[in-house]
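J.: Fold the following and give me the result.
(2 chains)
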Number of protein chains: 2
Amino acid sequence: MESYMIYMPLVLAALGLLYMFIKKSWVLKQDAGDGKMKEISDYIYEGALAFLKAEYKLLAIFVAIVSVALFVVSLVVPTTHWLIVIAFIFGAVFSAYAGNIGMKIATKTNVRTTQAARTSLPNALKISFGGGTVMGLGVAGLAVLGLTAFFIFFYHYFMGGQWTDTDAMTIVLETLAGFSLGAESIALFARVGGGIYTKAADVGADLVGKVEAGIPEDDPRNPATIADNVGDNVGDVAGMGADLFGSYVATVLAAMVLGNYVIKDMGGNIVSEGFGGIGPVLLPMAIAGVGIIISVIGTMLVKIKSNDAKEAQVMGALNVGNWTSIVLVAAACFGLCKWMLPETMRMEFFGEGLLEISSMNVFYATLVGLVVGAVISSVTEYYTGLGKKPILKIVQQSSTGAGTNIIAGLATGMISTFPSVLLFAGAIWASYAFAGFYGVALAASAMMATTAMQLAIDAFGPISDNAGGIAEMSEQEPIVRERTDILDSVGNTTAATGKGFAIASAALTSLALFAAYVTFTGIDGINIFKAPVLAMLFVGGMVPVVFSALAMNAVGKAAMEMVEEVRRQFRDIPGIMEGTGKPEYDKCVDISTQASLKQMLLPGVLTIGFPLVIAFVPMIFGMDHLAIAEMLGGYMAGVTVSGVLWAIFQNNAGGAWDNAKKSFEAGVEINGEMTYKGSDAHKAAVTGDTVGDPFKDTSGPSMNILIKLTCLIGLVIAPILGGHTDDAQAAVPTVIEVNNIQDVAVNGESITIQDVDVQKTVDDETGMVTANVTIKRKVNGATVSKTHHLKGTKAEVDAQIAQLDAEVTSFK
Amino acid sequence: MESYMIYMPLVLAALGLLYMFIKKSWVLKQDAGDGKMKEISDYIYEGALAFLKAEYKLLAIFVAIVSVALFVVSLVVPTTHWLIVIAFIFGAVFSAYAGNIGMKIATKTNVRTTQAARTSLPNALKISFGGGTVMGLGVAGLAVLGLTAFFIFFYHYFMGGQWTDTDAMTIVLETLAGFSLGAESIALFARVGGGIYTKAADVGADLVGKVEAGIPEDDPRNPATIADNVGDNVGDVAGMGADLFGSYVATVLAAMVLGNYVIKDMGGNIVSEGFGGIGPVLLPMAIAGVGIIISVIGTMLVKIKSNDAKEAQVMGALNVGNWTSIVLVAAACFGLCKWMLPETMRMEFFGEGLLEISSMNVFYATLVGLVVGAVISSVTEYYTGLGKKPILKIVQQSSTGAGTNIIAGLATGMISTFPSVLLFAGAIWASYAFAGFYGVALAASAMMATTAMQLAIDAFGPISDNAGGIAEMSEQEPIVRERTDILDSVGNTTAATGKGFAIASAALTSLALFAAYVTFTGIDGINIFKAPVLAMLFVGGMVPVVFSALAMNAVGKAAMEMVEEVRRQFRDIPGIMEGTGKPEYDKCVDISTQASLKQMLLPGVLTIGFPLVIAFVPMIFGMDHLAIAEMLGGYMAGVTVSGVLWAIFQNNAGGAWDNAKKSFEAGVEINGEMTYKGSDAHKAAVTGDTVGDPFKDTSGPSMNILIKLTCLIGLVIAPILGGHTDDAQAAVPTVIEVNNIQDVAVNGESITIQDVDVQKTVDDETGMVTANVTIKRKVNGATVSKTHHLKGTKAEVDAQIAQLDAEVTSFK
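T.: Next comes the predicted model:
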């Protein structure tokens, strides 16, 4: 049984995908309505496909370029294997395919939801959530399937399917990082490009349609209305899906890397502990696999019975499914930790040396992750939810104009970083205290285990939103729109909490990747008291700020192109306002598509370019590789800390403005007076929402990709920066730079030896000796200290020390 | 000569203050006008005094509490001397007195400038800039006078006026840190409280006066108009002055601390090098002292001749003075470095050991500081200057409404972090590469040397602004207002660039303090790969964001109180609108004063409370002190990085919005049409300015105080966190924890020794031996590694090692 465990996640993922296909065909079999409904739905479907097609073209070019670059690197750098290119391509293809499934099902489910809403609310929920489930399982299933399949392949390819040593496993995992890099690259396109698309279409449609032409939202006379509806799918469905696909893969990968280092800390071999000696490496995959099945169970629990249900009942149904999955994951983590991990492990803790950690400690760390996932959703809900105190305050401040509304919204977003960051900081601390960085990574893995469920909850929102739009455009009975509005309203809440979950996942994933990076490079920490590292911390902190600005400006530029096209159509197409002329929807879709993909290039280049420049420019100038690794680590930390802050700030400010505006729909009390839509205060709130839109749908969510991709690029570069070459050499006894003294002497400089310092360590288990011989000498007046790292058997190292001693003596 | 150098800065500061008093009496002798002018000016003067009085009351309580706390600490902690309390009180008093001089002269100069503007522009500049000069020299003179006097006192008190060793000097400088802490505490009140005051009064006056009552700005019928004018002085004069006073003192102090460590790295004694062996410690004070005289020269060069001069000529006159001072400081640094420093020094560089650094390298580092000061002003000018590309873009975006104006402004502020942070990062790198952290601190010192000049340029702006207001209120000829407007317009530019200078000074000061902190605590770096340190980096990054939100909200609350009072007066005072009833100016002044001081408490508590909690809560739980020190360091780094980013973002966004709005006064071309005040686009720009006001005048500048005060509190706590106790013990050979093995054995646990590792280092100069003996043992199955730090003569240490060896053998 134990030896087959490596295949278990593969099987579970396949089962999840099987269920997904069954659910998908069920959804597609539902009645798709008739006439105008179907027509509009087809426009949206085709618009979505048009975006995907254009995106894939650009992606293909991007993947080709990166593949060539990776291949060249694999030729030059001995520790990088060319198979990383294959993993990269598959990571990109799998993520793109998952996005494709999600987009298609979402754009097919919307009209079926509208049709179902004509009969009853429970049916409408069943279908819209069914579509979400397909999306969620597609993403989670493909993520686990791809990652596990490649792991099994590499494990057999590099290690013959049997544990040999940590270094070999490191090569397996470094190659596997290609899969993760591929997935996250797609996320960059889908999340950032999608974010620009959705807001450009939205702003464009609103500015000309609502403001200039005075026609309502989702009016079929507006040429940009289809693009707007496509945008909901592109941004909220495909973008979010790719984001979480990337997080899922990266988290599991990072946990596997750290699991490998647990084995190393335990002496490099735990085959006697079962699971082929790779239990700590397999565990994260196992949790991910089980999480898929648990999510299936969770989605099955989401249903309502009463046709008169309101938001609270629908939300309640979602909560039942969500909480059940979280509790089940906790139970599964308990079982899996107990079963797959050695009862006690040894882990290296900074400054405390090797400590004994029980498998239960690892379980506690996973609980930390589950708590973070749940609490961050509540925090987000508090700062952005309708009727909550911060929203009411923004509403009040709207009465004195747009300026005070903006200040209140900004302040809300800023203050919301307080509980969120304390939560993250507490999570880092606690999960590390329980089980080191392995604990941090497993906390993230446990949180991500319910990804399929989270995505189902998340994707059902835009589907319902679309369904409402179709109801409006096809002029259905008011009851239909009322029903879809209930679903849409719940969807708005889940969208906000889903963003919180996505940030938390990105933050924990980045931390896990960061930890994996440090172990990969072999540096003994990232010391920000070194000026170059501190400088890079500053630079890293700046990048998310500039990235956000670029993303916001991109929305502005893309929206302007859209505005001009819509104005042109209103001007040039006769009878468009009377409903006799037909708007050219496809032109608007095309403009959003082209503009969004064009505008995402600059932020994309910033994301990818900075870490590469930091790594390779100093290398060209001959800087020490480990020093570069530390600088890059400082940069990664800067991006992560600042990126998490700006993600929380922008998402919550945007969400708060949005709901402050929505509050006016039902009417709000300001200074004792009921105030409604159309009032000056409402207009001020609309201004706030205009600012909040790119915050919460473009720049805010993009932060997730920025921080994860930065840390992943670091991880892929890690082997080049020296990485585990030191470890690899440990197998062969070598003496490094033993001729150094003579080298210097050859230059004819004056040398006096000041001090020799020998530090020797014997590994009790392997009998290998490590020695650091530090020689301080005055070279032409300047004191230079140089450490020689020696490794080998005792006899070998002693001989080398003797040789160094002789050299030193000859110079004294 | 050399031995008197310690008194040189004192003499120069006194000379500066003497010149200040001469200039002051000259300004006060100028014609203060008559009738209404004088009356209004008196109101402003009394309002300013009222604020100062209220502030002093609150300050007295604050200083009393902190003094008691510091005194208790000095009783409990052996390494902290009670004299720190005296230094603290004097630091606070000196800073408050400097603020007092500045406020008084500014509120006396404004009306004299108006009067002078009735005759000619050159006269008006001469007087307004004269007032600025008094302010600048008051701040710089008192800063240097106080710091040097206390240094001389402590140097004689603790060391008898003669070099003994690094540890004694550390106690001198640690006690001196009290002076800096006192100064920065006042800055907290003056900058944050002043920032809230000025915006509350401004918003209150505008909302009711301009918007509701429809009367122009600076109309004497508006009850809040005096408070508004007082606010300009409170925020821009006293706030900025206290900010730079704090930076000046902290920078010089940090450079002195690092200078002391240079002496340590050079073997602990350089008496043979002259200057009583404390050249590297004296140098920063000497640069500060010479800087005062150079600033006097610089201010003398600021003059125009033509009465028809425009903004460009006035700006040119200021530039002549500014650039001359910068060049003179560079020359002075060359001479002082060459003269006061040993020709070559040894400095410890991380990972590279001790390196030889020539005194010229230190000079190059000072040049880096001067370049940063100059370039940051240009960067700020580019992103916020009238007619510059970013401003024109915001103007364009105003045509589509307030929403797009806000987005454009936010994006401008965010993007402006790009060149600014790259500049800072480059400066850190370069100055460190030249001369280590001593170089970083001296870069800051050189930049701050022209503080008096910078403040003069900065303070002349609000004086001219006030002069214009008085001209308006006292109904002068239009030519008077035209002349003061020219000065005011230049003042707006210098205010923006002055904010850039203040940020740069705060950033470099914090870095220097950060470096001093690390050397004080004796930790060997701040490793963010340790989870608790990383967690604190996150928390630190969050604090500036939350602080900014609190400051913005504070403005909102204080402004609301003001609005209600103004509304009440318009309602209750008969004839107020007709000019027959007299508004109660003092009530408004009182409300601003009380509200601003009340509202600054929460952000103040956040600033002071967080580092204290991080330091003392884990201490209560028995956490290792050095681990706490590292955590606190992580927090400090987080606050600094995030604080600098948010300072740049908020200041530049606010400045950009302000000038985008001002652009409409002369008219701007939008889509080919000239657009003026009163247009919809202008209204959108006004909304942007409303948001920008608290950004650029309250929360943005407060960041400077937040980051400096955080690092200063860290520095003052440093000795408690273990600090130089280790160094103190170095004098007496001791063996630490040599009985540890037996201690463990007593507990009856099973122990096996796994490995013993001895690392021995001999100091060639002192002959002292340092040894680290690491013993790895299995205690009840867990591997525990413990390092024994031994220090002493070779014989002593060898004996201790033998003892440890014997113990180990008996356990093997």
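
J.: where along the stretch 301-450 of chain A do the strands fall?
T.: Secondary structure of the stretch 301-450 of chain A (DSSP state E, counting those that start in this stretch): strands located at A:344-349, A:353-358.

J.: how about the strands of chain A, start to end?
T.: Using DSSP state E, the strands of chain A run over residues A:344-349, A:353-358, A:668-670, A:673-675, A:734-735, A:751-762, A:769-779, A:782-792.

J.: With respect to those strands, which exhibits the lowest mean confidence?
T.: In terms of average pLDDT, strand A:734-735 trails the rest of the strands of chain A, at a mean of 36.

J.: so does the helix ranked longest in chain A get close to chain B?
T.: Secondary structure of chain A read by DSSP state H shows that its longest helix is helix A:478-521. Yes: under the criterion of Cβ under 8 Å from any Cβ of the partner chain, chain B is reached by helix A:478-521 at A:511, A:515, A:518. Where C-beta positions appear, they are placed from N, C-alpha and C, glycine not excepted.

J.: top of the residues you listed by neighbour count?
T.: Using other Cβ atoms under 10 Å in any protein chain shown as the neighbour criterion, residue A:511 leads the residues of helix A:478-521 next to chain B with 31 neighbours.

J.: What residues does that one make contact with?
T.: Shown in contact with residue A:511 (Cβ atoms under 8 Å, 6 or more residues apart in numbering or on different chains): A:428, A:440, A:441, A:444, A:640, B:534.

J.: And the strands of the stretch 301-450 of chain A: which comes nearest chain B?
T.: strand A:353-358 (3.6 Å; Cβ to the nearest Cβ).

J.: relative to strand A:344-349, how tilted is that closest one?
T.: Put simply, strand A:353-358 runs at 150 degrees to strand A:344-349, going by axes from the mean of the first three to the mean of the last three Cα atoms, to 10 degrees.

J.: so which of the residues of helix A:478-521 next to chain B comes closest to residue B:208?
T.: When those are compared for distance to residue B:208 (Cβ to Cβ), residue A:511 wins out at 50.3 Å.

J.: is chain B contacted by stretch A:399-411?
T.: Yes: contact between stretch A:399-411 and chain B, assessed by Cβ under 8 Å from any Cβ, occurs at A:400, A:401, A:402, A:403, A:404, A:406, A:407, A:408, A:410, A:411.

J.: Now do that stretch: distance to the chain's middle.
T.: Put simply, stretch A:399-411 sits 31 Å off its chain's centre (Cα atoms, centre = their mean, to the nearest Å).

J.: Show me the contact partners of that stretch.
T.: A:393-394, A:396-398, A:653, A:656-657, A:660, A:670-671, A:675, A:680-681, A:683-685, A:687-688, A:691-692, B:207, B:402-403, B:406, B:549, B:552-553, B:556, B:686-691, B:694.

J.: Emit the ChimeraX select command for whichever of those are buried.
T.: A single ChimeraX command selects the buried members of the contacts of stretch A:399-411 (16 or more other Cβ atoms under 10 Å in any protein chain shown):
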select /A:393,394,396,397,398,653,656,657,660,670,675,681,683,684,685,687,688,691,692 /B:207,402,403,406,549,552,553,556,686,687,688,689,690,691,694
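
J.: Spatially nearest residue to the residue in the stretch 1-150 of chain A that chain B sits nearest to (excluding sequence neighbours)?
T.: Closest residue of the stretch 1-150 of chain A to chain B, Cβ to the nearest Cβ: residue A:79 (21.3 Å). Spatial nearest neighbour of residue A:79, excluding adjacent residues (Cβ to Cβ, 6 or more residues apart in numbering or on different chains): residue A:719 at 4.2 Å.

J.: Same question for residue A:653.
T.: Per Cβ to Cβ, 6+ apart, closest to residue A:653 is residue A:413, 2.6 Å.

J.: Tell me the pLDDT of the one you found.
T.: Listed pLDDT for residue A:413 reads 96.

J.: try residue A:513
T.: Per-residue pLDDT puts residue A:513 at 89.

J.: so how far is chain B from it?
T.: Residue A:513 sits 13 Å away from chain B, taking Cβ to the nearest Cβ, to the nearest Å as the criterion.

J.: and what of residue A:313?
T.: On the measure of Cβ to the nearest Cβ, residue A:313 and chain B end up 36 Å apart.

J.: so who does that residue touch?
T.: Residue A:313 sits in contact with A:304, A:306, where contact means Cβ under 8 Å, 6+ apart.

J.: Can you name the residues that contact residue A:175?
T.: So residue A:175 contacts A:81, A:83, A:84, A:87, A:154, A:158 (Cβ under 8 Å, 6+ apart).

J.: let's go with 7 Å and repeat that
T.: For residue A:175, the contact set (Cβ atoms under 7 Å, 6 or more residues apart in numbering or on different chains) comprises A:81, A:83, A:84, A:87, A:154.

J.: Noted, bye for now.
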